[in-house]
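Q: Quick one: sequence plus predicted model below, questions after.
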Amino acid sequence: MPIYCNRPFDTLLIDDNADCYVCECPAWLPIIVGNCQIDDIDKILQNSLVKEIQQTIIDQTYSKCDLSNCMIYHTLDSRHKKIPHSQIKSLVINIDRSCNLACPSCRVGQFMHKNPVVIKDKIHLADKILKFINNQKNLILRIGGDGDIFASRVYRYLLERIDNNNHYINLQTNGLLLSKSLHILEKIFPMLGCIRISYDANSEQIYKKVRHPGDWNMLQKNVEWLFQHFPTIEKQADFVVQQKNYHEVLDFIKDKSQTFDLINLQKITDWNTYDDFNAQAVWMSDHPEYKSFVDVITQASKFPKVRMNNLSPYVDKSQ
């Protein structure tokens, strides 16, 4: 039975270089289809390469996709049996890697854009994106998967200028600057549908290892603040599973299921930030802790609020 992924038909991601991908993650469909510093977004969405990628979904080869890392393919079901209509619905904006953390799963050190020329170029890019967004209605806007939205001058600029055209904004953040960003959250509140907070740990000890140099206690205070000030917004907790933290997954789920609407699990991806990536990739079948990892993931899959994403293939169906 054919199952069709709709991402190459309705999603566009813009990265730190203004390169565009018809997927919500460049690691899952690693083909650049254009650059929005050079061409308008509307033109990029109609080019021949986009059509070629869409055809690989229609013919079911998925030959342009990296299915081993994709968080979407393994979750497709009977709702995706119709060939999608090519119309932009979702815009993923990852245009600034600036962040107040240096998580080893993501980068080799702290990174913050400070060069005035670079910032000017990125503000120009933000203006081009805003022109597109503010001429559309009902878009799903996912912002900040590459850095932290509240640590970035560019993201703050963009958020403060989005028109309320009935868009749905999904923010991804490490949560450490939430309470300092009240004015931005209040401005976009009519459009703010979801906030995703990256944890990757369930204890201060592990958090220090995987979210350096984050402050675990500050994160708890800010999350509490968020629940008090914005109780109606959907809240998701994210956990990137790796050797350092997989043993905390079940406790994390039990703790966060009490307050969060959804818990996202995903396996660590190789962004060339580890010298010993294989040691962290506990999902590899030859990893010495693989069997223990599978047991944890299998138990995790049974919780109703958990989304397994690209960890689904590791669930032991016999248990």
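A: All right, it came through fine. Numbers count the residues shown, from 1 in each chain.
Q: residues touching residue 47, list them.
A: Taking Cβ atoms under 8 Å, 6 or more residues apart in numbering, we find residue 47 in contact with 33, 34. C-beta here means a position set from N, CA and C on the backbone, and glycine is covered the same way.
Q: Let me see the confidence value for it.
A: pLDDT recorded at residue 47 is 95.
Q: same deal with the one 10 residues further on?
A: For residue 57, the model assigns a pLDDT of 95.
Q: and what of residue 71?
A: With respect to pLDDT, residue 71 has a value of 82.
Q: now residue 144
A: 86.
Q: Now do the lengthiest helix in the chain: which elements does it pack against?
A: When the chain is parsed with DSSP state H, its longest helix is helix 116-133. If you count contacts as 3 or more Cβ pairs under 8 Å, 6 or more residues apart in numbering; DSSP states H and E, helix 116-133 packs onto helix 41-45, strand 90-93, helix 153-159.
Q: hmm, who's touching it?
A: Helix 116-133 is contacted from outside by 14, 18, 36-37, 40-42, 91, 93, 95-96, 113, 139, 141, 153-154, 157-158, 161-163, 165, 167, using Cβ under 8 Å, 6+ apart.
Q: Out of these, which end up buried?
A: Neighbour-count burial (16 or more other Cβ atoms under 10 Å) applied to the contacts of helix 116-133 gives 14, 18, 36, 41, 91, 93, 95-96, 113, 139, 141, 154, 157-158, 162, 167.
Q: which one of the residues you listed is nearest residue 64?
A: residue 14 (18.5 Å; Cβ to Cβ).
Q: all helices for this structure, in order.
A: 7-10, 41-45, 48-58, 116-133, 153-159, 182-188, 204-210, 216-229, 249-256, 277-280, 290-300.
Q: wait, which of these is closest to residue 85?
A: helix 7-10 (6.7 Å).
Q: and that closest one, C-alpha only, in CSV?
A: What follows is helix 7-10, C-alpha atoms only, in CSV (Å, rounded to 0.1, in the frame of the first residue of the first chain):
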residue,chain,number,x,y,z
ARG,A,7,6.9,17.3,3.4
PRO,A,8,8.4,17.7,-0.1
PHE,A,9,5.0,19.1,-1.2
ASP,A,10,4.1,21.5,1.5
